[in-house]
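In: Fold the following and give me the result.
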Amino acid sequence: MSNIYESAEATLGFISSPCLTKVELRVACRGISDRDALSKPDPCVVLKVQSHGQWFEVDRTEVIRSSSGPVFSKIFLVDYYFEEVQRLRFELHDISSGNNGLREADFLGAMECTLGQIVSQRKLTKALLKQGNTAGKSSIMVTAEELSGNDDYVELSFSARKLDDKDFFSKSDPFLEIFRLNDDGTESLVHRTETVMNNLSPVWKSFKVSLNTLCSGDHDRDLKVAIDFTASNGDPRNSCSLHYIHPYQPNEYLKALVAVGEICQDYDSDKMFPAFGFGALIPPDFKVSHDFAVNFDEDNPECAGIQGVVEAYQNCLPKIQLYGPTNIAPIIQKVASSASEEMHTKEAMEYFILLILTDGVITDMADTREAIVHASHLPMSVIIVGVGNADFTDMQILDGDDGILRSPKGEPVLRDIVQFVPFKDFKHASPAALAKSVLAEVPNQVVDYYNAKGIKPKCMSDYESTRTLGP
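Out: Numbers count the residues shown, from 1 in each chain. As a prediction, the model looks like this:
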């Protein structure tokens, strides 16, 4: 089963698109050991990005002399695309004095992750892996700060005079650290200047800092999956079926699921995804259901990661009978119920994304329109991927791009929350292109909802009071 998942996952490639926003990355390390027992290392971190399966260096930090717990002043500014999987690699090198190249440097370890993981967690700490992927005692911390397009900046300059030095025979090697005082009384590092060697009256380089650094945050995006198990998909045992499980090639349902899920899972805090099915006769009494748990655990329909959803889907197929009709209002209403409960909580920080994978024309259009109009008032978005070659005209109506969707009673949607994409338009493209298309509108939908409710992002200190960048 994992071969199918890995096959679909491997097709996710690097696709350039207009930059959604920019992100500042700050790096610190802890517990660095050095091959030379008589001295501490001179660490430097190199940032690389993966494109078409290859790693390319994009930037590197300064070298900090004689430090086993460096906090680098260099800030990596990277373009951030919510709808893409952006794979990053942080390499730590020990660069000897007088040599700034990497050829003669000692490799101390590396950490790989996605930019989405850093942005969603705000602060990512992982062990540095050495040659052979063995983990040592050292770790790297990467902190992210999202910058909006209209960020305000302030330029800061610092100097000092007549510093005292305890060493009578030499002057100080001073550097300056600037901290932000959080609401709970803890401190978070904002900037670390360069070290000015042998100087009692240093003048440090000026630097710009975003005012958003004072307060930033995000909302947890909760992905829920709904899969069409109606008879129009064809017998899963037949190779012509849209649900046919090939030993090594993912079908269209799996390709769409992995393409979108790979993006969304970075923004889900617990990486557990409820998966539902509709339009099938299910055990034990084999009555038709339009909102059953794919893992058959109605009390806990969550699956561990996107791979868990894939495995639940494959295990489910032999146990059900594909039937009909194609009703999607019940699953929208189920997710809307969860979103309504979240809306009435004090913090209301969870936003729901419902991914519906379907092959046919829906048969409960009036109820679906009513459900979408109601859901447009809630913290949720609906993504519909049309699988197969059916007539998806009604789906375009639900999308609302050509006009305002209304309920059967004439009530308009409060905001556009539906995005429909036919999978056949992406058959010859990378699944990453599909993910970009279906997720492109989600960030604005999230922002529109919270702006309309007057809910501001959390301050970084609200996430974890003990999160500081320093070692």
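In: For burial, what's the neighbour tally of residue 116?
Out: 24 (other Cβ atoms under 10 Å). Just so you know, the C-beta spots here come from the backbone N, C-alpha and C atoms, and that holds for glycine as well.
In: Tell me who's in contact with it.
Out: 82, 85-86, 263, 266-267 (Cβ atoms under 8 Å, 6 or more residues apart in numbering).
In: Is it in a helix, a strand, or coil?
Out: helix (DSSP: H, G, I helix; E, B strand; the rest coil).
In: now swap in the one 10 residues further on and tell me
Out: On the three-state scheme (three-state DSSP), residue 126 is labelled strand.
In: Show me the beta-bridge partners of the spatially closest residue to it that is not a sequence neighbour.
Out: Nearest residue to residue 126 in three dimensions, chain neighbours excluded: residue 111, at 4.8 Å (Cβ to Cβ, 6 or more residues apart in numbering). Beta-bridge partners recorded for residue 111 (DSSP bridges): residue 90.
In: Residue 111 reaches residue 127, doesn't it?
Out: Yes: judged on Cβ atoms under 8 Å, residue 111 makes contact with residue 127 at a distance of 7.4 Å.
In: And the two? Which one has more around it.
Out: Neighbours of residue 111 and residue 127, each counted by other Cβ under 10 Å, are more numerous for residue 111; the result is 23 against 15.
In: Can you give me the neighbour number for residue 281?
Out: 16.
In: For it, which residues are in contact?
Out: Contacts of residue 281 (Cβ under 8 Å, 6+ apart): 287-289, 320-323.
In: mind listing the helices for the stretch 51-200 of the chain?
Out: All helices of the stretch 51-200 of the chain, identified by DSSP state H, counting those that start in this stretch, fall at 115-121.
In: what about it, any weak spots by pLDDT?
Out: 97-101, 148-158, 162-171, 179-192 (pLDDT under 70).
In: that older thread, please tell me how far the residue nearest to residue 126 sits from residue 439.
Out: Plainly put, residue 111 is 26 Å away from residue 439 if you go by Cβ to Cβ, to the nearest Å.
In: hmm, back to that, next, format the contacts of residue 281 as JSON lines and append pLDDT and neighbour count.
Out: What follows is the contacts of residue 281, written out as JSON lines (pLDDT from 0 to 100; neighbours: other Cβ atoms under 10 Å):
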{"residue": "287", "pLDDT": "94", "neighbour count": "11"}
{"residue": "288", "pLDDT": "96", "neighbour count": "17"}
{"residue": "289", "pLDDT": "96", "neighbour count": "19"}
{"residue": "320", "pLDDT": "96", "neighbour count": "20"}
{"residue": "321", "pLDDT": "96", "neighbour count": "12"}
{"residue": "322", "pLDDT": "96", "neighbour count": "20"}
{"residue": "323", "pLDDT": "94", "neighbour count": "18"}
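In: Now go through these and say which are in strands.
Out: 287-289, 321-322 (DSSP state E).
In: Which other helices and strands does the biggest helix by length in the chain contact?
Out: In the chain, assigned by DSSP state H, the helix with the most residues is helix 329-343. Contacts defined by 3 or more Cβ pairs under 8 Å, 6 or more residues apart in numbering; DSSP states H and E place helix 329-343 against strand 220-228, strand 272-278, strand 350-358, helix 365-375, strand 380-386.
In: any idea which of those scores lowest on pLDDT?
Out: Lowest mean pLDDT of these: strand 220-228, a mean of 88.
In: what is the rounded mean pLDDT of the following helix or strand past that one?
Out: Scanning forward in sequence from strand 220-228 by DSSP states H and E, the next helix or strand is helix 252-264. In this model, helix 252-264 has an average pLDDT of 84.
In: Dump helix 252-264 to PDB, keeping only the CA atoms.
Out: Only the C-alpha atoms of helix 252-264 are listed here, as PDB (Å, rounded to 0.1, in the frame of the first residue of the first chain):
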ATOM      1  CA  GLU A 252      -7.100   9.400 -10.100                       C
ATOM      2  CA  TYR A 253      -8.700   9.400  -6.600                       C
ATOM      3  CA  LEU A 254      -5.300   8.700  -5.000                       C
ATOM      4  CA  LYS A 255      -3.400  11.200  -7.100                       C
ATOM      5  CA  ALA A 256      -5.800  14.000  -6.200                       C
ATOM      6  CA  LEU A 257      -5.900  13.000  -2.500                       C
ATOM      7  CA  VAL A 258      -2.100  12.900  -2.200                       C
ATOM      8  CA  ALA A 259      -1.500  16.100  -4.200                       C
ATOM      9  CA  VAL A 260      -3.800  18.200  -2.000                       C
ATOM     10  CA  GLY A 261      -3.200  16.300   1.200                       C
ATOM     11  CA  GLU A 262       0.600  16.700   1.000                       C
ATOM     12  CA  ILE A 263       0.100  20.500   1.200                       C
ATOM     13  CA  CYS A 264      -2.600  20.600   3.800                       C
END
